[in-house]
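[1] coordinates for the following, if possible.
(one chain, ligands or ions: 1)
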Amino acid sequence: MKTAIISDIHSNLAALEAVLGDIDQKGVDRIICLGDIIGYGPDPVECVDLIAQRCEWSLMGNHDFGVLYEPTNFNTAAEQAAYWTRNQLDDAGKADTEAGMKRWEFLGRLRVRVGFDGFLCVHGSPRRPINEYIFPEDAINSPVKMEQIFENIDTHCLVGHTHVPGVFTNEPDFYPPGDLDGEYTIREDEKAVINPGSVGQPRDLDPRASYAVIEQDNGQAKVRFHRLEYEVDRTVQRIRENAHLSDWLGERLLEGR
Ligand code: ZN
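    Okay, here's the model as predicted:
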């Protein structure tokens, strides 16, 4: 069984299209999404529709939650983007009522926690599934936090939210894909938290879109991390042309931060 894991699309249609195209060439059995479909980027309607069509399921991220309910603890650019995103979805719903209702229903039904094949899947962390960040530096600086997080996991966990790809083990340690040659075999006798990175807003100083594929075979699971160039200028230009989205949201895409 081959599963593509995508996360943190953030309304970046150019990145999502490129990643889905790449996934299509890898013969995966299913695609799952760890949340933050929308927020920040210029194409929320198209991204929600594509995720609804192409993914077996998606989780609720803090930005999906912020657009649906209330953007709390967001910086000004993120808050503005959340309100603008909500208006976009409303306007699209006025143009096509049925499609609009389906979109809101899809977003409203996103789950915060899903178990599949031995993996616990959450957007943020097992303790606070929507909002808590598990940062790479936590493996060194916050051993108690990491211990508590691993206490909440039976075996393996998939998370998004930080936009930084890699594997946390309960040593505790963090391995970026570069240290793993892009591939990690999950041992049965260890606990691991895996982050596929972000499709639409990478923050590890590599602007390429990030995702992962998990291959399960006879109880063994292998994670392969992928990076992909996409038409980042297309998204940056759409952000620049949009008076409601801060130019900074485009600039950070060019730098991967
Ligand atoms: Zn995010």
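[2] shaky segments in the stretch 51-200 of the chain?
    Counting by pLDDT under 70, the stretch 51-200 of the chain contains no low-confidence segment.
[3] quick one, helices of it?
    Taking DSSP state H, counting those that start in this stretch as the test, the helices found in the stretch 51-200 of the chain are 62-68, 76-95, 97-108, 138-141, 143-151.
[4] looking at Gly219 now. What's its pLDDT?
    Gly219 carries a pLDDT score of 76 in this model.
[5] neighbours around it, how many?
    For Gly219, the count of nearby residues is 7 (other Cβ atoms under 10 Å). C-beta: built from backbone N, CA, C; applies to glycine.
[6] list the contacts for the residue nearest to it when sequence neighbours are not counted?
    Spatial nearest neighbour of Gly219, excluding adjacent residues (Cβ to Cβ, 6 or more residues apart in numbering): Glu188 at 7.0 Å. Neighbour list for Glu188: 155, 219-220 [criterion: Cβ atoms under 8 Å, 6 or more residues apart in numbering].
[7] and if you look at Trp57?
    Residues 32-33, 111, 114 are the ones in contact with Trp57 under the rule Cβ under 8 Å, 6+ apart.
[8] repeat that for 10 Å
    Under the criterion of Cβ atoms under 10 Å, 6 or more residues apart in numbering, the neighbours of Trp57 are 30-33, 51, 109-111, 114, 116, 121.
[9] and the strands in this protein?
    For the chain, the strands identified by DSSP state E occupy 2-6, 30-33, 57-58, 113-116, 119-122, 156-158, 166-169, 173-175, 183-186, 192-195, 209-217, 220-228, in order along the chain.
[10] let me have these in TSV, extended by distance to the ion.
    Conversion of those to TSV gives the following (distance: least, Cβ to the ion, whole Å):
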stretch	distance to the ion
strand 2-6	12
strand 30-33	12
strand 57-58	13
strand 113-116	17
strand 119-122	13
strand 156-158	14
strand 166-169	16
strand 173-175	18
strand 183-186	22
strand 192-195	11
strand 209-217	12
strand 220-228	17
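[11] wait, which of those is closest to Glu17?
    With Cβ to Cβ as the measure, strand 209-217 is the member of the strands of the chain nearest Glu17 (9.9 Å).
[12] now do the buried residues in that closest one.
    Judged by neighbour count (16 or more other Cβ atoms under 10 Å), strand 209-217 contains these buried residues: 209-216.
[13] before we move on, what about stretch 27-40?
    Applying a neighbour-count criterion of 16+ other Cβ under 10 Å, the buried positions in stretch 27-40 are 28, 31-40.
[14] stretch 81-92 now?
    Neighbour counts over stretch 81-92 (16+ other Cβ under 10 Å) mark 81-82, 84-86, 88-89, 92 as buried.
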